[in-house]
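Q: Using only what follows, build the 3D model:
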Amino acid sequence: MSKNKAILDWLKTYEKFDKLFFNFSIGSNKNAVMIPAPNDYLDYQDITGAKIRYYTFAVSHFKHFTNLPNNKENLDNMDEVQDFLDWIDTQNKNKNFPLFPSNCTIEYVKNLNNIPSVTKTNNNLARFYSQIQIKYIEK
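A: Numbers count the residues shown, from 1 in each chain. Reported below is the predicted structural model:
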């Protein structure tokens, strides 16, 4: 199984995704998309040939937003996305990792930011963006 498929299947175990896409999605309320970063870089190779590698990917969540002041919907949306980041932390703590190929051992999965960045899209949607990194050893 490819690393991309392993990560996508693992993310699908997060129960709060309505729809999860790979790489591209329709900008629609409650959709999410996994976006691999253009890297799976080698950090170090030891004398036995074991390679320490880092795989980075992003998850974008799309949510309705409002321009009304003090609106609870915007705050609730941020909290929902924060729940996902907390889920990543819990998976790491419990060592519940994606099923990488058998020659790979995952050391950790971590959020690269502790709150998602937010941008406005068209059609009253906000895009919440967060990056996650997987450190693994490839033999």
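
Q: Any regions of the chain where pLDDT drops low?
A: Across the chain, nothing is flagged by pLDDT under 70.

Q: any idea where the helices of it begin and end?
A: 3-11, 72-93 (DSSP state H).

Q: Centroid-nearest residue for the chain?
A: When CA atoms, centre = their mean is applied to the chain, the residue found nearest the centroid is Val59 (4.0 Å).

Q: sorry, back to before: could you identify which of the helices of the chain is most buried?
A: Greatest average neighbour count among those goes to helix 3-11 (a mean of 18), per mean count of other CB atoms under 10 Å. The C-beta positions use only the backbone N, C-alpha and C, and glycine is treated the same way.

Q: Out of the helices of the chain, which gets nearest to Asp46?
A: Nearest of the helices of the chain to Asp46, taken as CB to CB: helix 3-11 at 21.0 Å.

Q: Using CSV, write down the CA coordinates of the closest one.
A: Output in CSV follows, covering the C-alpha atoms of helix 3-11 (Å, rounded to 0.1, in the frame of the first residue of the first chain):
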residue,chain,number,x,y,z
LYS,A,3,2.0,6.0,1.9
ASN,A,4,-0.7,8.3,0.5
LYS,A,5,-3.3,5.6,0.6
ALA,A,6,-2.2,4.5,4.1
ILE,A,7,-2.6,8.1,5.4
LEU,A,8,-5.9,8.7,3.7
ASP,A,9,-7.3,5.4,5.1
TRP,A,10,-6.0,6.4,8.6
LEU,A,11,-7.6,9.9,8.3
